[in-house]
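Undergrad: Mind folding the following:
(one chain, ligands or ions: 2)
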Amino acid sequence: MTEPKSASTRVLKVRDLRVYYETPKGDVLAVNGIDFDLYEGETLGLVGESGSGKSTAAMGILQLVVPPGRIVSGEVLLEGQSILGLPDEALRQIRWAKLALIPQGAMNSLNPTMKVSEQIKDVILAHEGKEAKKEIKARILELLSTVGLPGRVYDMYPHELSGGMKQRVCIAMAIALSPTVIVADESTSALDVVVQRVVAQTLLAVKRKLGVSMIMIGHDMGLMAQMVDRVAVMYAGKIVEIAPVQDIFIDPKHPYSQLLIASVPSLKERKPLKITEGITHDPRNPPPGCIFQLRCPFVMDKCRVQTPPMQEVKPDQLVACHLYEKTEDGSFINVRDVVGNT
Ligand SMILES: Nc1ncnc2c1ncn2[C@@H]1O[C@H](COP(=O)(O)OP(=O)(O)OP(=O)(O)O)[C@@H](O)[C@H]1O
Ligand SMILES: [Mg+2]
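TA: Numbering: from 1, shown residues only. Ligands and ions are numbered 1, 2, ... in the order given. Sure thing, here's the model as predicted:
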């Protein structure tokens, strides 16, 4: 499933993206300098607890941040083209056509007064103009079929559809213009467990059929395990670890990733659930040094002063944590494994 990333084509490159929200008590540093790449055909899971900045990161990448939010800095390259700061019209052309977002809660934002087909038609016509009109019905029916919906949905209104069906309509809209990248923000949340799986399967099927790259934002680590190629773990506006999914599950390196994995319930091994308490610091005033220091079981003096850099501690496994130090032969050790440090 995972080949060395250096061997793949990069479709999206995000560097030092910062998005803040202005509040009367100071800026909330919602996304505070994130870096990652997305490769052709891959699905990258973006996980982290509520308020860690996942949706804000998505809005930042698509430049849909609205006041009181603002993009403070960063670089976003889509297929090599810098898109941060492009004029509105150029951005409008790129959104949907190259970079599509299924926003958090999208299914609740479908227009209740318009038939499904009209809403999909609007997306296509807005980008392709009247030219697209001739074969548009066949195209919409094909899109519905791609997301596993029957043709009769064409003439239905959102209130006639179940949550899972509405979510699949949102996926159909996102793929209407064959984008290169889809960002799906919590597309399976707020659905019951069986429907969640159906929607997740739909996303995977779409990805395979169209060969798109996908950023899948979510909370459900179990679902992530089955869906994604790599996982980026976010904590309080930062990515603390990014690695192939099997490494995150079998050998998570960052203490926060370890906590997340330990929180996944297991039937085989009935252990007490680790209760994670949520982000403890004021998001307007993060502590200097490591962002996770206030909750880290392994915190060291260094963590309170120095921000840990992202280091590739194993091939394709990047972690921002002072526990890992490079040795003379280029490999990394966990300083807690060194006698005298535990
Ligand atoms: N309009 C706003 N004004 C001020 N702060 C905001 C605003 N929107 C979001 N925030 C803050 O930004 C931070 C990141 O929020 P965001 O919604 O991106 O998190 P998330 O990871 O998507 O959470 P969830 O899992 O609940 O969807 C949080 O501290 C949140 O309170
Ligand atoms: Mg969110």
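
Undergrad: use CA for all of it now, contacts and neighbours both
TA: OK.

Undergrad: in the stretch 201-342 of the chain, which spans are helices?
TA: 221-227, 245-250, 255-262 (DSSP state H, counting those that start in this stretch).

Undergrad: tell me the most buried of these?
TA: helix 255-262 (a mean of 20; mean count of other Cα atoms under 10 Å).

Undergrad: Can I get it in PDB, CA atoms only?
TA: The C-alpha trace of helix 255-262 is given here as PDB (Å, rounded to 0.1, in the frame of the first residue of the first chain):
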ATOM      1  CA  PRO A 255       3.300  10.600  23.000                       C
ATOM      2  CA  TYR A 256       0.100  12.200  21.800                       C
ATOM      3  CA  SER A 257      -0.200   9.700  19.000                       C
ATOM      4  CA  GLN A 258       0.400   7.000  21.600                       C
ATOM      5  CA  LEU A 259      -2.400   8.300  23.700                       C
ATOM      6  CA  LEU A 260      -4.700   8.400  20.700                       C
ATOM      7  CA  ILE A 261      -4.000   4.800  19.700                       C
ATOM      8  CA  ALA A 262      -4.400   3.700  23.400                       C
END
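
Undergrad: JSON lines for the helices of the stretch 201-342 of the chain, including distance to ligand 1?
TA: Putting these into JSON lines (distance: least, Cα to the nearest ligand atom, whole Å) gives the following:
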{"stretch": "helix 221-227", "distance to ligand 1": "13"}
{"stretch": "helix 245-250", "distance to ligand 1": "19"}
{"stretch": "helix 255-262", "distance to ligand 1": "14"}
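
Undergrad: Which among those is found nearest to residue 176?
TA: Between residue 176 and the helices of the stretch 201-342 of the chain, the shortest separation by Cα to Cα is 21.9 Å, and it involves helix 221-227.

Undergrad: quick one: contacts of the closest one?
TA: 43, 45, 47, 197, 200, 204, 218, 245, 246, 249, 261, 264 (Cα atoms under 8 Å, 6 or more residues apart in numbering).

Undergrad: cutoff 6 Å now
TA: Outside helix 221-227, not one residue touches it by Cα atoms under 6 Å, 6 or more residues apart in numbering.

Undergrad: Now it: average pLDDT?
TA: Taken as a whole, helix 221-227 has a mean pLDDT of 88.

Undergrad: And stretch 80-96, by the same measure?
TA: Rounded mean pLDDT across stretch 80-96 is 92.

Undergrad: tell me the strands in this protein, going along the chain?
TA: Secondary structure of the chain (DSSP state E): strands at 10-21, 28-39, 43-47, 69-78, 81-82, 99-102, 181-185, 213-218, 230-235, 238-244, 310-314, 317-320, 324-326, 332-334.

Undergrad: Ok, which of those strands comes nearest residue 172?
TA: Residue 172 sits nearest to strand 99-102 of all the strands of the chain, at 9.9 Å, using Cα to Cα.

Undergrad: now check that closest one, is it near ligand 1?
TA: No - Strand 99-102 is not in contact with ligand 1 by Cα under 6 Å from any ligand atom; minimum separation 13.0 Å.

Undergrad: Just name whatever secondary elements that strand is in contact with.
TA: Packing partners of strand 99-102 (3 or more Cα pairs under 6 Å, 6 or more residues apart in numbering; DSSP states H and E): strand 181-185.

Undergrad: 10 Å instead?
TA: The contact analysis (3 or more Cα pairs under 10 Å, 6 or more residues apart in numbering; DSSP states H and E) places strand 99-102 against helix 54-62, helix 88-94, helix 163-175, strand 181-185, strand 213-218.

Undergrad: my guess is residue 74 meets residue 16, correct?
TA: Yes - here residue 74 lies in contact with residue 16, judged by Cα atoms under 10 Å, at a distance of 4.7 Å.

Undergrad: how close does residue 255 sit to residue 48?
TA: Distance of residue 255 to residue 48, computed by Cα to Cα, to the nearest Å: 13 Å.

Undergrad: shared neighbours of the two, anything?
TA: Common contacts of residue 255 and residue 48 (Cα atoms under 10 Å, 6 or more residues apart in numbering): residue 240.

Undergrad: what number of residues lie near residue 174?
TA: 27 (other Cα atoms under 10 Å).

Undergrad: so who does residue 94 touch?
TA: 62, 78, 83, 88, 100, 127, 179, 180.

Undergrad: coming back round to it: shared neighbours, residue 74 and residue 16?
TA: 32, 33, 34, 35.

Undergrad: My guess is the last one contacts residue 239. True?
TA: Yes - contact between residue 35 and residue 239 holds when scored by Cα under 10 Å: they sit 7.4 Å apart.

Undergrad: Would you pull up the residue in the stretch 151-300 of the chain closest to ligand 1?
TA: residue 283 (5.8 Å; Cα to the nearest ligand atom).

Undergrad: Name the nearest residue to that residue, ignoring sequence neighbours.
TA: Leaving out its chain neighbours, the residue that sits closest to residue 283 by Cα to Cα, 6 or more residues apart in numbering is residue 28, at 5.3 Å.
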